[in-house]
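A.B. asks: take this sequence and fold it.
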Amino acid sequence: MTKRSDVVKDKNGNWIPKLQKIVLNKCHGGFGLSDEAEELFWKLLEYPVTFYSTMNDESVTIKKDSPLEIKEDFYHAITHPSFVRNLHRGNKALVEVVERLGEKANGAFASLEVVKIPADIEYNITEYDGYENAQNPVVIYG
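C.D. replies: Purely as a prediction, here's the structure:
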């Protein structure tokens, strides 16, 4: 049998898809981290990190040992809650923060949860009034 990279055997010998962990907000309100969670997130984040400005085509890379000297247009993007909200939800530091802190990771209007989805799919996060789901995009042929 050919070994597939997108599946593994479970303890019963059944082939199951590899899973990845992502963070979703599971209540009406909105995705957000508490101050404690945000502080831990920055400590756990792997460096160097590159941030991209949505206002222009510039980017800035921050190394852990470098002072946080950034242009004003990046300051808003990096410190504003929308940065974490727009962060890849499978980010290892983000997942670890939510797993470690549990409910203490939740921002004012959030109920964050680590969920497992197949590792080999691309997904979109959809939300209704803050409540989020991960959906596999629909492919239209023809």
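
A.B. asks: what about the helices in this structure?
C.D. replies: Using DSSP state H, the helices of the chain run over residues 35-44, 72-79, 81-85, 92-101.

A.B. asks: going by mean pLDDT, which of those comes out lowest?
C.D. replies: For these, the weakest mean pLDDT is recorded on helix 72-79, namely a mean of 52.

A.B. asks: how many residues are close by Leu112?
C.D. replies: 26 (other C-beta atoms under 10 Å). C-betas here are computed from N, CA, C, even on glycine.

A.B. asks: run through the residues that contact the closest residue to Lys116 other than its chain neighbours.
C.D. replies: Nearest residue to Lys116, sequence neighbours excluded (C-beta to C-beta, 6 or more residues apart in numbering): Leu19, at 4.2 Å. Contacts here follow C-beta atoms under 8 Å, 6 or more residues apart in numbering; on that basis Leu19 touches 116-119.

A.B. asks: correct me, but Pro118 touches Pro17?
C.D. replies: Yes. Look at Pro118 against Pro17 with C-beta atoms under 8 Å: they come within range, at 4.1 Å.

A.B. asks: and Asn106, what does it touch?
C.D. replies: Going by C-beta under 8 Å, 6+ apart, Asn106 touches 32-34, 37, 112.

A.B. asks: then Ala105?
C.D. replies: With contact set as C-beta under 8 Å, 6+ apart, Ala105 has these partners: 33-34, 36-37, 97-98, 112.

A.B. asks: just give the nearest non-adjacent residue to it, would you?
C.D. replies: Leaving out its chain neighbours, Ala105 is closest to Ala37 (C-beta to C-beta, 6+ apart), at 4.0 Å.

A.B. asks: surely the one you found and Val98 touch.
C.D. replies: Yes. Here Ala37 reaches Val98: they are 7.4 Å apart, a contact under C-beta under 8 Å.

A.B. asks: who's more crowded, the two?
C.D. replies: A direct count of neighbours by other C-beta under 10 Å for Ala37 and Val98 places Val98 higher, at 26 against 23.
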